[in-house]
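**Student:** Let's see this in three dimensions:
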Amino acid sequence: SMETDCNPMELPNNTGFEEDSEYTDFEGTDVKDMRLEAEAVVNDVLFAVSNMFVSKSLPCAEDVAYINVETRERNRYCLELTEAGLRVVAYDFDQTDDRLQTPYHETVYSLLDSLSPAYREVFGNALLQRLEALKKESQS
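**Tutor:** Residues are numbered from 1 along each chain as shown. Purely as a prediction, here's the structure:
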């Protein structure tokens, strides 16, 4: 498992960490966090795209996860998810292209909004339906 790979006890003593506790705060547990975050992102917008899943072949690390998405227009993208947000790193599944200088988006919504008109339509309609339902509830 990843946790054992970065056990602070195995670090040489000259790393500048006076105490292990400083280090353990962001050690071990975060590995799962970015992956969990990626899964949450997928679950949030899956209904508005044709296919979307966390990449299994690209490495998942503490600070990065990769998400494959195919829009309803049948365009494929690989997205990189980091603290900085999401960005397109390739125009195919399970790829990264270092030459791509694509902008970061704070949310998956704004990223997909820029890539897929069909996403925007489906997502927008879903929001409208939700608002209508809320209106009916408050009237009853």
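**Student:** Name the residue closest to the centre of this structure, please.
**Tutor:** Closest residue to the average C-alpha location of the chain: residue 38 at 3.5 Å, with CA atoms, centre = their mean.
**Student:** how about the strands of this protein, start to end?
**Tutor:** In the chain, strands defined by DSSP state E lie at 51-54, 65-70, 76-82, 85-90, listed in chain order.
**Student:** circling back: any idea of the pLDDT on the residue nearest to the centre of the chain?
**Tutor:** At residue 38 the predicted local confidence, pLDDT, stands at 96.
**Student:** Helices of this structure, start to end?
**Tutor:** Secondary structure of the chain (DSSP state H): helices at 2-5, 20-24, 30-45, 108-115, 117-139.
**Student:** Please tabulate those in JSON lines and include distance to residue 80 as additional columns.
**Tutor:** C-beta coordinates here come from the backbone N, C-alpha and C atoms, glycine included. Putting the helices of the chain into JSON lines (distance: least, CB to CB, whole Å) gives the following:
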{"stretch": "helix 2-5", "distance to residue 80": "19"}
{"stretch": "helix 20-24", "distance to residue 80": "26"}
{"stretch": "helix 30-45", "distance to residue 80": "10"}
{"stretch": "helix 108-115", "distance to residue 80": "11"}
{"stretch": "helix 117-139", "distance to residue 80": "19"}
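**Student:** Now for the closest residue in space to residue 65 that isn't next to it in sequence: which residues touch it?
**Tutor:** Closest residue to residue 65 apart from its sequence neighbours, by CB to CB, 6 or more residues apart in numbering: residue 38 at 3.9 Å. In this structure, residue 38 makes contact with 54, 60, 65-67, 81, judged by CB atoms under 8 Å, 6 or more residues apart in numbering.
**Student:** Low-confidence regions, this protein specifically.
**Tutor:** Scanning the chain for pLDDT under 70 picks out the ranges 1-32.
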